[in-house]
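Participant: below are the sequence and a predicted model; questions follow.
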Amino acid sequence: VVRCEAHRTEAYVFWRKALQTGDGQMTARIDDTVAVTSPLHLSADGTATFFRRPLPMLRQMLRARKLKVDAAFGGADPLTAVFDLTGIGEALKPVEDRCGWHSTHSWRSTHKEDQPLLQPAGEKPDNQRRITQIPAATHQDAPAKKQAKGGRT
């Protein structure tokens, strides 16, 4: 989910069940980039994981086909969400307008200071920044590999 709250862009994954509280990690991969892991930032009810600095990742997703996110706590099996990014540019326009992305700079263009959040496979990341997210996904419970269409947008 990507939304504008109080003129601030928020991006998060809504999970079908509440996640455990405590320390956890989220791993994200855009297309064939190196997977990047960051600490989990849970919603108050534990059903969503938020990403920091969403604009650089959203910019990168404009040129991508797929986003895969895993969330895990301790030794528990991870939850997995796979997002089809087809049409993401059009889907983001209402959030872009509401949050005024176009008024600060051309957020859709790549700037030198906005290095990709995720690097292509085989390349070493410049740094390990935190991640962000988007539209309806296919959710999977990792051990059973069950797929259910849907998710909240």
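Facilitator: Good, I have the coordinates.
Participant: can you tell me what sits against stretch 16-27?
Facilitator: By C-beta atoms under 8 Å, 6 or more residues apart in numbering, the residues outside stretch 16-27 that reach it are 13, 35-40, 42, 45-47, 49, 51, 69-74, 76, 78-79, 131, 139, 148. (Glycine included, C-beta is placed from N, CA and C.)
Participant: select only the buried ones of these in PyMOL?
Facilitator: Buried residues within the contacts of stretch 16-27, by 16 or more other C-beta atoms under 10 Å, are selected in PyMOL with:
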select buried, resi 13+36+38+40+42+47+49+51+69+70+71+72+73+78+79+131+139
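Participant: which of the contacts of stretch 16-27 fall within strands?
Facilitator: Counting by DSSP state E, those place 13, 36-39, 49, 51, 69-73, 79, 139, 148 in strands.
Participant: give me the pLDDT for the spatially closest residue to residue 10 that is not a sequence neighbour.
Facilitator: Spatial nearest neighbour of residue 10, chain neighbours left out: residue 3 (5.4 Å); criterion: C-beta to C-beta, 6 or more residues apart in numbering. Residue 3 carries a pLDDT value of 93.
Participant: and the helix or strand where residue 3 lies, what does it pack onto?
Facilitator: Taking DSSP states H and E as the criterion, residue 3 maps to strand 2-5. Other elements packing on strand 2-5 under the criterion 3 or more C-beta pairs under 8 Å, 6 or more residues apart in numbering; DSSP states H and E are strand 8-14, helix 88-99.
Participant: counting by contacts, list what the shortest one packs against.
Facilitator: Under the contact criterion of 3+ C-beta pairs under 8 Å, 6+ apart, strand 8-14 touches strand 2-5, strand 48-51, helix 54-61, helix 88-99.
Participant: go with 6 Å
Facilitator: strand 48-51 (3 or more C-beta pairs under 6 Å, 6 or more residues apart in numbering; DSSP states H and E).
Participant: helices or strands up against the strand it packs on?
Facilitator: So strand 48-51, by 3+ C-beta pairs under 6 Å, 6+ apart, packs with strand 8-14.
Participant: do that again at 8 Å, thanks
Facilitator: Partner elements for strand 48-51 (3+ C-beta pairs under 8 Å, 6+ apart): strand 8-14, strand 24-30.
Participant: which one of those strands lies nearest to residue 65?
Facilitator: With C-beta to C-beta as the measure, strand 24-30 is the member of the helices and strands packed on strand 48-51 nearest residue 65 (8.8 Å).
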